[in-house]
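Enquirer: let's see this in three dimensions:
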Amino acid sequence: MTTTEQLTGDNGFDPFGRDPELAERLRPRLDALLDRWLKVQVEGSEHLPTSGRALLVASHGGALPWDAVVLLAALGRASGRHVRPLVEDPVMTAPFLGTLLTRLGCVRASQDNATRLLDRDEAVLVFPEGMQGLGKLWRQRHKLMRFGRGGFVRLALRTKAPILPVAVVGAEDTSPLLFKIGGLMKEKSLPYIPVTPVIPLPARWRIKVGAPIDANAEIPEPTDITVSTLAARVKDLIQRDVDALVEDRGSAF
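Expert: This next block holds a predicted model:
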C-alpha cells in the first residue's frame, strides 16, 4: 500500500495540501496547546485503527474551528497516524486560516474529498453538524444539532469504512459564541461574523472515541429510512457521551 508520505508532490505537499514539514515543526506548539493550555484527555483511543480507512464522526462546537485542530493533533498523537478533518468552506476559504489548516492536514468538506481520502485508506474526521455546530450560541453548548440527511452513513457504506463516534467537550468553552453579527459578510460566503474571544480560553477538553460501527453489517439493504435511522443512532451515542463527559469533567476551567 502506498503511504501518504510517498504521495507528496515536488513542493512537499500531499495532494490535499498537507505540508508534513510544517506539521512537524508545529508539533511542539500543538502539544503544548493540548497539554498545558487545554488539558486534553482522550478516552477510547484503542478504537482508532493504526492503519486502514476509518470514518470518525464528531460533535462540533465553538465559534472558531479549534475542535478540528485539537482533534487532528490529539487523535493523531493517540493513534500514531494522520487524522484528516473535513472543514466547512467558510473556514477553509478564510485568508491565512484556511491555508494554515490545509497545511496542517485539514481538507475542504465534500463527499468527493472524503471518498478520495478514504480510498487512500486514511482516517477521515467529519462534523455532520456543519456550520450549525459552529453557529451554536453559548446557551446551546453541549447540545448536538441536526446531523443532516445521513451523508456520512452513505459515505461509510460506499467506501466500506467503519464509523467511529467521537464526543468532544471543550470547544464551546474555549471559543464561546457570544452572539452573531449577520448580513455583513455574504460576499465572503460567511453567514455571520462571530463575536468570540480571539485568544482561546483555557477550558479543559475531554474527547471520547466510541467503538467502531460497521454500517454495511447494520444496513445490508440501504434505504432513506435505514440510513437516517443509523445516523440518528450515531448522533444519540455521541450526545450520550458528551453528556457523560460534561458531568465527569465538572468545571470547564
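Enquirer: wait, residue 165 touches residue 207, no?
Expert: No: using Cβ atoms under 8 Å, residue 165 makes no contact with residue 207, being 11.4 Å away. No exception for glycine: its C-beta is placed from N, CA and C like everyone else's.
Enquirer: where along the stretch 151-253 of the chain do the strands fall?
Expert: In order along the chain, the stretch 151-253 of the chain carries the following strands (DSSP state E, counting those that start in this stretch): 163-169, 179-182, 192-195, 206-209.
Enquirer: need the residues that contact the second one.
Expert: In this structure, residues lying in contact with strand 179-182 by Cβ atoms under 8 Å, 6 or more residues apart in numbering are 135, 137, 191-195.
Enquirer: of the strands of the stretch 151-253 of the chain, which stretch is the most buried?
Expert: Mean neighbour count (mean count of other Cβ atoms under 10 Å) peaks for strand 163-169 among the strands of the stretch 151-253 of the chain, with a mean of 26.
Enquirer: show residues contacting it.
Expert: Residues from elsewhere that reach strand 163-169 (Cβ under 8 Å, 6+ apart): 47-48, 54-61, 67, 70-71, 75, 125, 142, 152-153, 156, 205-215, 234, 237-239, 241-242, 244-246, 249.
Enquirer: could you turn the buried ones of these into a ChimeraX selection?
Expert: A single ChimeraX command selects the buried members of the contacts of strand 163-169 (16 or more other Cβ atoms under 10 Å):
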select :47,48,54,55,56,57,58,59,60,61,67,70,71,75,125,142,152,153,156,205,206,207,208,209,210,212,213,215,234,237,238,239,241,242,245,246,249
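Enquirer: could you pull up phi and psi at residue 177?
Expert: Main-chain dihedrals, residue 177, degrees, to the nearest 10: phi -90, psi 100.
Enquirer: surely it meets residue 194?
Expert: Yes: proximity of residue 177 to residue 194 meets the contact threshold set by Cβ under 8 Å, at 5.5 Å.
Enquirer: give me the common contacts of these two.
Expert: Common neighbours of residue 177 and residue 194, using Cβ under 8 Å, 6+ apart, are 63, 134.
Enquirer: got the residue ranges for the strands in the stretch 1-150 of the chain?
Expert: Under the criterion DSSP E, counting those that start in this stretch, the stretch 1-150 of the chain carries strands at the ranges 41-43, 54-58, 83-87, 107-108, 123-126.
Enquirer: and of those strands, who's closest to residue 30?
Expert: For residue 30, the closest of the strands of the stretch 1-150 of the chain is strand 83-87, at 12.5 Å, according to Cβ to Cβ.
Enquirer: re earlier: among the strands of the stretch 1-150 of the chain, which is nearest residue 253?
Expert: Using Cβ to Cβ as the measure, strand 41-43 is the one of those that comes nearest residue 253, at 14.9 Å.
Enquirer: now do the buried residues in stretch 90-106.
Expert: Buried-residue list, stretch 90-106, by 16+ other Cβ under 10 Å: 90-92, 94, 98, 101-106.
Enquirer: whoops, stretch 68-85 was the one
Expert: Going by neighbour count (16+ other Cβ under 10 Å), the buried part of stretch 68-85 is 68-79, 81-85.
Enquirer: where does pLDDT dip in the stretch 101-250 of the chain?
Expert: Low-confidence segments of the stretch 101-250 of the chain (pLDDT under 70): 183-190.
Enquirer: format the strands of the stretch 151-253 of the chain as CSV; extra columns: distance to residue 230.
Expert: Converted to CSV, the strands of the stretch 151-253 of the chain look like this (distance: least, Cβ to Cβ, whole Å):
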stretch, distance to residue 230
strand 163-169, 8
strand 179-182, 32
strand 192-195, 32
strand 206-209, 18
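Enquirer: so which of those strands comes closest to residue 41?
Expert: strand 206-209 (5.5 Å).
Enquirer: what is the closest one packed up against?
Expert: Helices and strands touching strand 206-209, by 3 or more Cβ pairs under 8 Å, 6 or more residues apart in numbering; DSSP states H and E, are strand 41-43, helix 66-79, strand 163-169, helix 224-249.
Enquirer: name the strands paired with that strand and say parallel or antiparallel.
Expert: strand 41-43 (parallel), strand 163-169 (antiparallel) (DSSP bridges).
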